[in-house]
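Engineer: predicted coordinates and the sequence they were generated for:
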Amino acid sequence: MVENFSEWFHEILDKGNIIDSRYPIKGMSVWLPYGFQIRKYTLELLKDLFDKEHEEVLFPLLVPEEELAKEGIHVKGFEEEVYWVTQGGNKELNEKLALRPTSETAIYPMFSLWIRSHIDLPMKYYQIVNTFRYETKHTRPLIRVREISTFKEAHTVHASQAECNQQVEDAVELYKEFFDYLGIPYFISKRPEWDKFPGADYTMAFDTLMPDGKTLQIGTVHNLGQTFAKTFDITFENEKGAHEYAYQSCYGLSDRVIATIIGVHGDEKGLVLPPTVSPNHLTIIPILFKDSKDKVLEKCMQIKEDLESEGIRVYIDDRDMRPGKKFFDWEVKGTPLRLEIGPKDLENNKTSITRRDTLEKTELELNDELTEAIKAMLMTIDIDMSSKAFEKLENSIAYTENIDEIDGLIKEGKVVAFNWDGKNPTGEAIEEETGYDILGIHKELDDASDKLCIYSGEKAKYLALIAKTY
Ligand code: 5CA
């Protein structure tokens, strides 16, 4: 799988009924029913986290050229990626309209109308929409797409820089919680200057490691300071009656979350879904023979009802086909637990359950304790999948003080930690010399530290990470 991650990934998207990327526009795909359900449960999880402190809104897809062009640095960052609508029917439009690549320029003119006083703040909105980016790098389903079909973007406005900085920290915590629920391990780094979001003061990024040894940016939190407020005239009257520009943050996740669930947890047999987002927690495969069919199915229904009353999602696969084929199907689809039950099991009052993550088979009594036993198994799967993934990520970090070792380590599948003086020219020279990307600042070094920058030999300020990235 590691050698052939790309092939494996495409095969899983197809066999797992996740998405069909044969849609006749490059970089755009169709969500299939099973994939759509995984997407749905993932969104539910995120919405639950957002809804505690954010309110959901929905802005239009189109952005007038005038608004998009307002924030100079921002528009420069996106100008080569914007899709334009120039005609309505046969008529040329008076003003070109952009398909949002992200929604700052759609949302902030409205913030300018809505925000008047410190009483209106903080404002914390989010929306889940599709965004469009004419990516010029090699497109890959879910990973680098031209229609991001599930863009979760939050935009917040605050009355002080301190509160805004706190929001950035809170957003990082929120994303940590979200990825923890999914058992997706991450590195958090402060992106280097040259790689921050266009228009932001600074960007905090989450990266995970994919099975091919490349890191994937799976989420970003941006501190926008007052830059956009100045451009879009977002002001408020503070407690002293003076007018001030507001402070803003924004943060986003994309379809990459699903790509990571697939890539991080999957194995050579297919998907391995964390229970939290799996369409079925447990799939029952009845072993059916003509004379005992009704009895077996009746038992299956009873088990299903018992489990569903405890919030466990159950599917009975009673298709008319060989059980072996069904086992194989559900292995590919990564259902966390598979329960088999046939006439013999009914006689012995037993059933066997197989865990997808470890492929371990356990016999259980068909009694009142079955539901509790299954609940406990799901919890164990959740914990085990997560620790396995986090452990793998931690073991992938290698430290070096010799720039010549970076290439070899990355080729072994490592993410490399090194000491950096934090200066832009040094960072860019390191990227140039190694051919890899600096993810950013992993940790600040102690003032008393005597570590030297791997490139300049000057006193190092940070422990930074460098990797082969998507
Ligand atoms: N407005 C901000 C925050 S909402 C923003 O657009 N940030 S971003 O450009 O960094 O995008 C947010 C996240 O979307 C990125 O961290 C990355 O994980 C994901 N992403 C960006 N471009 C693509 C793409 N073409 N395909 C899939 N995911 C993408």
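Structural biologist: Ah, there it is. Here the structure is a predicted model, which is why all the values come from computation and not from measurement.
Engineer: which stretches of the stretch 251-400 of the chain form helices?
Structural biologist: In the stretch 251-400 of the chain, the helices defined using DSSP state H, counting those that start in this stretch lie at 256-265, 293-308, 323-333, 343-348, 370-395.
Engineer: what about the last one, distance to the chain center?
Structural biologist: Going back to what we said before, that points to helix 370-395. 19 Å (CA atoms, centre = their mean, to the nearest Å).
Engineer: buried residues of it, list them for me.
Structural biologist: 370-371, 374, 377-378, 381-382, 385-386, 388-390, 393 (16 or more other CB atoms under 10 Å). Where C-beta positions appear, they are placed from N, C-alpha and C, glycine not excepted.
Engineer: go on, the second one?
Structural biologist: Taking 16+ other CB under 10 Å as the basis for neighbour counts, the residues of helix 293-308 that come out buried are 296-297, 299-300, 303-304, 307.
Engineer: before we move on, back to that, reformat the helices of the stretch 251-400 of the chain as JSON lines; add mean pLDDT and distance to the ligand.
Structural biologist: Formatted as JSON lines, the helices of the stretch 251-400 of the chain follow (pLDDT from 0 to 100; distance: least, CB to the nearest ligand atom, whole Å):
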{"stretch": "helix 256-265", "mean pLDDT": "98", "distance to the ligand": "5"}
{"stretch": "helix 293-308", "mean pLDDT": "96", "distance to the ligand": "35"}
{"stretch": "helix 323-333", "mean pLDDT": "96", "distance to the ligand": "23"}
{"stretch": "helix 343-348", "mean pLDDT": "95", "distance to the ligand": "45"}
{"stretch": "helix 370-395", "mean pLDDT": "97", "distance to the ligand": "17"}
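Engineer: okay if I get those as CSV plus distance to Thr354?
Structural biologist: Below are those laid out as CSV (distance: least, CB to CB, whole Å):
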stretch, distance to Thr354
helix 256-265, 16
helix 293-308, 15
helix 323-333, 8
helix 343-348, 14
helix 370-395, 10
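Engineer: relative to Ala98, how far out is the residue lying closest to Phe59 once chain neighbours are set aside?
Structural biologist: The shortest distance from Phe59 to any non-neighbouring residue, by CB to CB, 6 or more residues apart in numbering, is to Ala106 (4.7 Å). As for Ala106, its distance to Ala98 is 9 Å (criterion: CB to CB, to the nearest Å).
Engineer: for these two, list the residues in contact with both.
Structural biologist: Val63 (CB atoms under 8 Å, 6 or more residues apart in numbering).
Engineer: what residues are up against the residue of the stretch 201-350 of the chain found nearest the ligand?
Structural biologist: Going by CB to the nearest ligand atom, the ligand is nearest to Gly252 of the stretch 201-350 of the chain, at 2.6 Å. By CB under 8 Å, 6+ apart, the contact list for Gly252 reads 102, 151-154, 219-220.
Engineer: rerun at 6 Å
Structural biologist: Glu153 (CB atoms under 6 Å, 6 or more residues apart in numbering).
Engineer: please begin residue numbering at 265 from this point
Structural biologist: Yes, from this point I'll number from 265; that puts the last item at Gly516.
Engineer: so it bridges to which residues?
Structural biologist: Glu417, Thr484 (DSSP bridges).
Engineer: which SS state does the residue of the stretch 265-414 of the chain at minimum distance from the ligand fall under?
Structural biologist: The nearest approach of the stretch 265-414 of the chain to the ligand comes at Thr366, 3.4 Å away (CB to the nearest ligand atom). Three-state call for Thr366 (DSSP: H, G, I helix; E, B strand; the rest coil): coil.
Engineer: over to Asp471?
Structural biologist: Under three-state DSSP, Asp471 comes out as strand.
Engineer: what's the closest non-adjacent residue to it?
Structural biologist: If the residues on either side of it in the chain are set aside, Asp471 comes closest to Thr479, at 4.4 Å by CB to CB, 6+ apart.
Engineer: same deal with Lys687?
Structural biologist: Nearest to Lys687 is Ser720, by CB to CB, 6+ apart, at 7.2 Å.
Engineer: tell me how many other residues crowd that neighbour.
Structural biologist: 15 (other CB atoms under 10 Å).
Engineer: ok so, going back, can you check the pLDDT for the residue of the stretch 465-614 of the chain closest to the ligand?
Structural biologist: pLDDT recorded at Gly516 is 97.
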